[in-house]
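Visitor: how would this look folded up:
(2 chains)
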Number of protein chains: 2
Amino acid sequence: MSRRNIVHAPRKAPSRRPSTREQLLETAGQVFSEKGFAGATGKEICERSGANAAAVVYHFGGMDKLYGAVVQEARRRLAPAEALSAAVERETDPKARLTAFIGLLVRALSGPASSTWAARLVSREIISPSAIFDKMRNKEMRVRAAILKSIVSELTGLPDDDPAVARSCINIMAPFGILLLIRPQRVERVFPVLSFGPESVQDTTRHMVQFALGGLAAIARDARG
Amino acid sequence: MSRRNIVHAPRKAPSRRPSTREQLLETAGQVFSEKGFAGATGKEICERSGANAAAVVYHFGGMDKLYGAVVQEARRRLAPAEALSAAVERETDPKARLTAFIGLLVRALSGPASSTWAARLVSREIISPSAIFDKMRNKEMRVRAAILKSIVSELTGLPDDDPAVARSCINIMAPFGILLLIRPQRVERVFPVLSFGPESVQDTTRHMVQFALGGLAAIARDARG
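Guide: Predicted coordinates:
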């Protein structure tokens, strides 16, 4: 890319240069996931993706915006709230809704994205959030929580602001959070009998749904007296 | 501390200087939890604890050993496997054993330690383990897993190497892992109806035990056909 292009090309033209932009996004994801937002430089990202030193500004408008785009891409690869919402809305029976919710999370963790920079970036951000991510994440977490709360509320008959509903949401979500954060390979070291590859999606989903339904039934019984 | 002391005092004399050693350990925990093992220097730790520049070598024998001592201290503050083992062994009924196991984890998370450097250090290490911690952690995780596996195996009637037992252990442990990793205050932002202070220990324990027992009963039923 020559300096002329940087000055004269329209700023929003990703369709004209898809491969450079995509390559930058991929490289930036890797660099940010290794070093965090504070530790990464535009220079390194451009060099590692073989792009001109001004490519970050040209394609994204700066490091902040590149980081925002990388976080969006990571979310897109790891079961975003919109996909959860769509999967759940296709079902009417609350058990089928819970199964759809859990199935999507299991598939996201079994896919290749969970072992790449997207999972590392999200893990890093969950532990020490940057300001950019913290805002996005809180919104994302609230949307997910709202979807799951409504399912749990239906299944237990408890109002969705009951503490038992919130605790049950944590029970259901936590295994996926842990598998995302400490990575399936390391869980497999502690439980060698388990695997989380694509071949295990059906068994894992079935188990997680059964355990959740049994747990929720017990919580509902306990609440009734 | 004068140079004379460094040269002539016996190396293992923590009882003669408890406050300097304890102060160093506390400061080191804070510095390591903020910067990681690679980012911390003995100079900063000594300066921040008001000790002589050679105090790390004098009291601990070097940075590696100081880090090992800090990790041990963090584990001691956060429900170590030995305490779990002791609490469980006092009970004979499997439900009481599960309640003892879960109760200890809930109390560890509700105590002040969970909001200090011990939790931050362990979180940091779980996400990107140092070689020192990785070895300790794998042993620790296997011991915890073995205790919980035996309880789950008793409660479900399944052999302790059944994948359903391993998955159930993840179901039961995961909420505590998540609360340790992302800190109760941030969970409370997503679920404002919850609190994880000392006043909530009883309710949280009861809920976690009920949910686990219900989940395990469902898994046992599913396994029987």
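
Visitor: residue nearest the centroid of chain A?
Guide: residue A:78 (3.6 Å; Cα atoms, centre = their mean).

Visitor: Need phi/psi at that one.
Guide: Backbone geometry at residue A:78, expressed as degrees, to the nearest 10, gives phi -120, psi 70.

Visitor: quick one: it and residue A:119 touch, right?
Guide: Yes. With contact defined as Cβ atoms under 8 Å, residue A:78 reaches residue A:119; the gap is 6.7 Å. Yep, even glycine has a C-beta here, placed from its N, CA and C like the rest.

Visitor: Tell me where chain A is predicted with low confidence.
Guide: Where chain A drops to pLDDT under 70, the residues are A:1-18, A:113-115.

Visitor: Can you show me the helices along it?
Guide: Assigned by DSSP state H, chain A shows helices spanning A:3-8, A:18-39, A:42-48, A:55-60, A:63-77, A:81-89, A:94-110, A:117-127, A:131-156, A:163-182, A:184-190, A:201-224.

Visitor: Run through the neighbouring helices and strands of the last one.
Guide: Helix A:201-224 is packed against helix A:94-110, helix A:131-156, helix A:163-182, helix B:163-182, helix B:201-224, with contacts defined by 3 or more Cβ pairs under 8 Å, 6 or more residues apart in numbering or on different chains; DSSP states H and E.

Visitor: same check, this time on the second one
Guide: Other elements packing on helix A:18-39 under the criterion 3+ Cβ pairs under 8 Å, 6+ apart are helix A:42-48, helix A:55-60, helix A:63-77, helix A:117-127.

Visitor: cool, and the longest one?
Guide: Applying 3+ Cβ pairs under 8 Å, 6+ apart, one finds that helix A:131-156 makes contact with helix A:63-77, helix A:81-89, helix A:94-110, helix A:117-127, helix A:163-182, helix A:201-224, helix B:184-190.

Visitor: I'd like those helices written out as a markdown table, with mean neighbour count and distance to residue A:195 added.
Guide: A markdown table is the format used below for the helices and strands packed on helix A:131-156 (neighbours: other Cβ atoms under 10 Å in any protein chain shown; distance: least, Cβ to Cβ, whole Å):
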| stretch | mean neighbour count | distance to residue A:195 |
| --- | --- | --- |
| helix A:63-77 | 19 | 21 |
| helix A:81-89 | 15 | 24 |
| helix A:94-110 | 20 | 9 |
| helix A:117-127 | 22 | 17 |
| helix A:163-182 | 23 | 12 |
| helix A:201-224 | 20 | 9 |
| helix B:184-190 | 16 | 29 |
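
Visitor: right, and those - which one's nearest residue A:154?
Guide: Closest approach to residue A:154 among the helices and strands packed on helix A:131-156 (Cβ to Cβ): helix A:94-110, 4.1 Å.

Visitor: anything in that closest one near chain B?
Guide: No. If you take Cβ under 8 Å from any Cβ of the partner chain as the test, helix A:94-110 misses chain B, and the best it gets is 11.1 Å.

Visitor: Tell me which residues touch the nearest residue to residue A:142 once chain neighbours are set aside, please.
Guide: Once flanking residues are discounted, residue A:142 sits nearest to residue B:190: 6.1 Å by Cβ to Cβ, 6 or more residues apart in numbering or on different chains. Contact partners of residue B:190, counting by Cβ atoms under 8 Å, 6 or more residues apart in numbering or on different chains, are A:138, A:141-142, A:145.

Visitor: Restricted to buried residues, select these in ChimeraX.
Guide: In ChimeraX, this line selects whichever of the contacts of residue B:190 come out buried by 16 or more other Cβ atoms under 10 Å in any protein chain shown:
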select /A:141,145
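
Visitor: JSON lines for the contacts of residue B:190, including distance to residue B:90?
Guide: Conversion of the contacts of residue B:190 to JSON lines gives the following (distance: Cβ to Cβ, whole Å):
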{"residue": "A:138", "distance to residue B:90": "42"}
{"residue": "A:141", "distance to residue B:90": "38"}
{"residue": "A:142", "distance to residue B:90": "41"}
{"residue": "A:145", "distance to residue B:90": "37"}
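
Visitor: Just name the closest of the contacts of residue B:190 to residue A:158, please.
Guide: residue A:145 (15.1 Å).

Visitor: In contact with the closest one: list those residues for me.
Guide: A:169, B:190-191.

Visitor: In CSV, list these along with distance to residue A:199.
Guide: Formatted as CSV, these follow (distance: Cβ to Cβ, whole Å):
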residue, distance to residue A:199
A:169, 29
B:190, 33
B:191, 34
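
Visitor: what's the closest of the helices of chain A to residue B:219?
Guide: helix A:201-224 (5.9 Å).

Visitor: still on that earlier bit, between the contacts of residue A:145, which sits nearest residue A:213?
Guide: Nearest to residue A:213, judged by Cβ to Cβ, of these is residue A:169 at 14.2 Å.
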